[in-house]
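K.L.:
Give the three-dimensional model of this entry:
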Amino acid sequence: MKSKRTCRNSRSITICILPAVVFFIMGCFNPPDISVPYFIPQSPPDSVIERGIDAHPDNAIYIEWEEPATAESEGILGYYVYRGILSGDEYDFKRIATVRRDASLLYDSDKYTDNTVHLDTTYYYYLRSYNDFTISKTTSDTVFYKLARKASLIAPSGDIYENKPRFEFRYPTLIVDRISYLYFRLYHFGSGGYSIKYFTKTHRFDLSKSQYFLYLNNTDAYTTVLLDSLWETPSTGKYLEKGNYRWRVDAVSGELGGGPETVGSKSNWMYFTVK
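P.N.:
Next comes the predicted model:
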């Protein structure tokens, strides 16, 4: 059976299109596979600089990745984010977001915050790249995280006149979270923005304890100072200069060897000003 031809005359030029031939050519076009990003390894909880998958203060999960070096040459336009949960003996993944590659300030093409998650559920994530012609056949590596309950910060907040404040917060006494450590971070706002001044790690030796107090001149046997760049005088000890501060408490599950944690939370930021 012969294919029909569609012809159009334009002055002395005749253009003929063979639909069957066009279909054959397009059907045989197989775009090459494109590269995929890889997730940035998660930092241990005692790291000053936090990288990789982590809890977000807005009861969310934050992920970040490294874009492939060939993203420009392969014309990669962005990445599809897939999230899954373990259902029975199988993983159920669905595409939940598209992260575009763009040079403008409106887009970040190497990170994503998932605000549609719940506590006490382990979520798994992987990525695919896409361009004008195809979606990557391969996927990125897979990372996972589970949100725990957050610490509730009490004081200090607002304007204070004490340069050696006591930091008070609560953590719920729920053993199911398996939270073993509470990390306290204090930042000072200077000319270059916020910089960390004090960073401690408190072991939850008593899971029935819900109220915690931290001091600049630490004497708690269960608290370890990881970083200390506070102001200090020989006579009065450590203190805070006048200015603006913020602080936060991270809760993480215990893991032998101090490796990256996959269960945890970050409290909301608390702001205060030393007058």
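
K.L.:
Within the helices and strands, which one has Asn244?
P.N.:
strand 243-253 (DSSP states H and E).

K.L.:
which strands and helices sit next to that strand?
P.N.:
Packing partners of strand 243-253 (3 or more C-beta pairs under 8 Å, 6 or more residues apart in numbering; DSSP states H and E): strand 152-155, strand 179-190, strand 263-266, strand 270-274. Where C-beta positions appear, they are placed from N, C-alpha and C, glycine not excepted.

K.L.:
Rebuild those as CSV, extending it with mean pLDDT and mean neighbour count.
P.N.:
Shown next, in CSV, are these (pLDDT from 0 to 100; neighbours: other C-beta atoms under 10 Å):
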stretch, mean pLDDT, mean neighbour count
strand 152-155, 98, 16
strand 179-190, 95, 20
strand 263-266, 94, 23
strand 270-274, 98, 17
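
K.L.:
Next, count neighbours for Arg128.
P.N.:
19 (other C-beta atoms under 10 Å).

K.L.:
Run through the bridge partners of it.
P.N.:
Applying DSSP bridges to Arg128 gives these bridge partners: Tyr80.

K.L.:
That one and Leu77 touch, don't they?
P.N.:
No - look at Arg128 against Leu77 with C-beta atoms under 8 Å: they stay out of range, at 11.8 Å.

K.L.:
and of the helices and strands packed on strand 243-253, who's closest to Asn115?
P.N.:
strand 263-266 (13.8 Å; C-beta to C-beta).

K.L.:
Provide the strand pairings for that closest one, with the direction of each partner.
P.N.:
strand 143-147 (parallel), strand 243-253 (antiparallel).

K.L.:
Which of the residues in the longest one are classified as buried?
P.N.:
Which is strand 243-253. Tyr245, Trp247, Arg248, Val249, Asp250, Ala251, Val252, Ser253 (16 or more other C-beta atoms under 10 Å).

K.L.:
Distance-wise, check Thr113 relative to Glu72.
P.N.:
Per C-beta to C-beta, to the nearest Å, Thr113 is found 25 Å from Glu72.

K.L.:
Of those two, which one has the most company?
P.N.:
Each of Thr113 and Glu72 has its neighbours counted (other C-beta under 10 Å); Thr113 has more, 14 against 10.

K.L.:
Please, where are all the strands along the stretch 101-250 of the chain?
P.N.:
Using DSSP state E, counting those that start in this stretch, the strands of the stretch 101-250 of the chain run over 111-114, 122-130, 143-147, 152-155, 158-160, 167-170, 179-190, 193-203, 211-214, 223-228, 231-233, 237-239, 243-253.

K.L.:
Now the common contact residues for Arg128 and Leu77.
P.N.:
Residues within reach of Arg128 and of Leu77 at once, by C-beta atoms under 8 Å, 6 or more residues apart in numbering: there are none.
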